[in-house]
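*Asks:* Pasted the sequence and its predicted model underneath.
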Amino acid sequence: MATEQRPYHLVVFGASGFTGQFVAEEVAREQVDPQRSARLPWAVAGRCREKLQRVLERAALKLGRPTLPSEVGIIICDITNPASLDEMAKQATVVLNCVGPYRFYGEPVVKACIENGTSCIDISGEPQFLELMYWKYHEKAAEKGVYIIGSSGFDSIPADLGVLYTRNKMNGTLTAVESFLTIRSGSEGLCIHDGTWKSAVYGFGDQGNLRKLRNESRLKPVPFVGPKLKRRWPISYCRELSRYAIPFLGADVSVVKRTQRYLHENLEDSPVQYAAYVTVGGITSVIKLMFAGLFFLFFVRFGIGRQLLVRFPWLFSFGYFSKQGPTQKQIDASSFTMTFFGQGYSKGLATDKSKPNIRICTQVKGPEAGYVATPIAMVQAALTLLSDTSNLPKTGGVFTPGAAFSRTKLIDRLNHRGIEFSVISSSEV
């Protein structure tokens, strides 16, 4: 990428938002890393100069770098002002877009970046937005030679790259994977900022349009190898982890399926079936989540119900979401583990006449998912985009993380930053 032609390699748009401030801090941490050899000119962008300045001052204090605010550019722009978005995009090689919900605020940024030859990374966990951007802008992005890469935070880099890591570590052909997400919290419990809650409310409330979009795309089903992966019951028990599990309703399945389609159709890779679950501990947690889920699914169907859900996130989520977000103590005490159970065939074994004869278990482990792991994943994805260009898809376009980064060193970068990929076991049955 022609970084020399732009004042800033990276611009964090929405840096004064709840998640954006953590992304800005992570870029600053990368900038002051003593192992970094090259300069990293970057800027923060948003509506209010004073708020952006305070974000930089807090990051400077936390990192012990008092000169940081004077080293980072500030760009004033507004999502409702297309000309200001153009001005931001013209100054950046890569925009890190932290302004959500993306269904309302994401498209103007994508459009401005493509028109001005700027790549863009977001942390959306909204399948409808992600898939719509592909259909509307993939060809335009390819013509411009820019990369628009969605879901580059906790949704869905651990899942998407975790499946690719599992495939690469299996001594044979991986055919199916189930992932189980476990979130651990400290004595003060778990809390997530209500921005994520809003995205979920509006996403589930608009499922009809997502189905319509998929029907209109008329994509051929991706073929599968070996036996078809069976769906588990809405509540199942994972013997290997000794925990109950429910389907994970985030973007992971949508993103992984799109990656597998891309790799099969463009690189002729053998596609991998995928299902995602989240563990919920004991039976008390199961009952609590069942009630929360029933409340959510009932209210999300109606306009007034969605208004109530958005207005009172703490009440309707049983305390898991709040307008204030987590405290620093809650963030520091939280972590995640995503465990992948894969099956496949050893080399040379006929996949159409026999049962899978290889089992593999891998893990992706990391710090708190929303405000530590997400900024790490997003920033390392952006730096990979800047530095590992020869291993990216040859033309630009709208990509999933797995499609964009399958041949890069992103997993190595994440391992170095505390999001660790490892093989737990591998055996022939």
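*Replies:* That came through, no problem.
*Asks:* Can you pull the phi and psi angles for the residue sitting furthest away from the middle of the chain?
*Replies:* Taking C-alpha atoms, centre = their mean as the measure, the residue most remote from the mean C-alpha position of the chain is residue 353, 37.0 Å away. Backbone torsions of residue 353, given as degrees, to the nearest 10, read phi -120, psi 0.
*Asks:* how much space between it and residue 343?
*Replies:* Using C-beta to C-beta, to the nearest Å, residue 353 is found at 16 Å from residue 343. C-beta coordinates here come from the backbone N, C-alpha and C atoms, glycine included.
*Asks:* before we move on, what about residue 161?
*Replies:* Taken as C-beta to C-beta, the span from residue 161 to residue 343 is 19 Å.
*Asks:* go on, residue 188?
*Replies:* The gap separating residue 188 from residue 343 is 39 Å, by C-beta to C-beta.
*Asks:* These two: which is more packed in?
*Replies:* More neighbours surround residue 343 than the other of residue 188 and residue 343, with 21 against 13 (other C-beta atoms under 10 Å).
*Asks:* Am I right that that one is in a strand?
*Replies:* Yes. Applying DSSP: H, G, I helix; E, B strand; the rest coil, one finds residue 343 inside a strand.
*Asks:* The closest residue to it other than its chain neighbours and residue 273, how far apart?
*Replies:* Distance criterion C-beta to C-beta, 6 or more residues apart in numbering; nearest residue to residue 343, sequence neighbours excluded, is residue 356 at 4.2 Å. Between residue 356 and residue 273 the computed distance is 11 Å (C-beta to C-beta).
*Asks:* Work out the gap between stretch 119-136 and the centre of the chain.
*Replies:* 11 Å (C-alpha atoms, centre = their mean, to the nearest Å).
*Asks:* And for stretch 107-114?
*Replies:* Stretch 107-114 sits 19 Å away from the centroid of its parent chain (C-alpha atoms, centre = their mean).
*Asks:* isn't residue 355 right next to residue 227, touching?
*Replies:* Yes. Counting by C-beta atoms under 8 Å, residue 227 is a contact partner of residue 355 at 7.1 Å.
*Asks:* quick one: what helix or strand has residue 318 in it?
*Replies:* Under the criterion DSSP states H and E, no helix or strand holds residue 318.
*Asks:* low-confidence ranges in the stretch 51-200 of the chain?
*Replies:* Of all residues in the stretch 51-200 of the chain, none has pLDDT under 70.
*Asks:* Could I get the full set of helices for it?
*Replies:* 68-71, 82-90, 102-105, 107-115, 127-144, 157-169, 194-205 (DSSP state H, counting those that start in this stretch).
*Asks:* Neighbours of the residue nearest to residue 343, how many?
*Replies:* 21.
*Asks:* Please convert the helices of the stretch 51-200 of the chain to JSON lines, extending it with mean neighbour count and distance to residue 423.
*Replies:* Shown next, in JSON lines, are these (neighbours: other C-beta atoms under 10 Å; distance: least, C-beta to C-beta, whole Å):
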{"stretch": "helix 68-71", "mean neighbour count": "16", "distance to residue 423": "39"}
{"stretch": "helix 82-90", "mean neighbour count": "18", "distance to residue 423": "41"}
{"stretch": "helix 102-105", "mean neighbour count": "19", "distance to residue 423": "34"}
{"stretch": "helix 107-115", "mean neighbour count": "22", "distance to residue 423": "37"}
{"stretch": "helix 127-144", "mean neighbour count": "19", "distance to residue 423": "29"}
{"stretch": "helix 157-169", "mean neighbour count": "25", "distance to residue 423": "5"}
{"stretch": "helix 194-205", "mean neighbour count": "21", "distance to residue 423": "31"}
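*Asks:* Any chance of a markdown table for those helices, columns distance to residue 176?
*Replies:* Listed next are the helices of the stretch 51-200 of the chain as a markdown table, based on distance: least, C-beta to C-beta, whole Å:
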| stretch | distance to residue 176 |
| --- | --- |
| helix 68-71 | 47 |
| helix 82-90 | 41 |
| helix 102-105 | 30 |
| helix 107-115 | 33 |
| helix 127-144 | 21 |
| helix 157-169 | 10 |
| helix 194-205 | 26 |
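*Asks:* right, and these - which one's nearest residue 412?
*Replies:* For those, proximity to residue 412 was assessed by C-beta to C-beta; helix 157-169 is nearest, at 10.9 Å.
*Asks:* Which residues does that closest one contact?
*Replies:* 151, 174, 177, 179, 252, 255-256, 259-260, 272, 274, 276, 336, 338, 340, 342, 360, 362, 364, 366, 373, 377, 381, 400-402, 405-406, 410-411, 414, 419, 421, 423, 426 (C-beta atoms under 8 Å, 6 or more residues apart in numbering).
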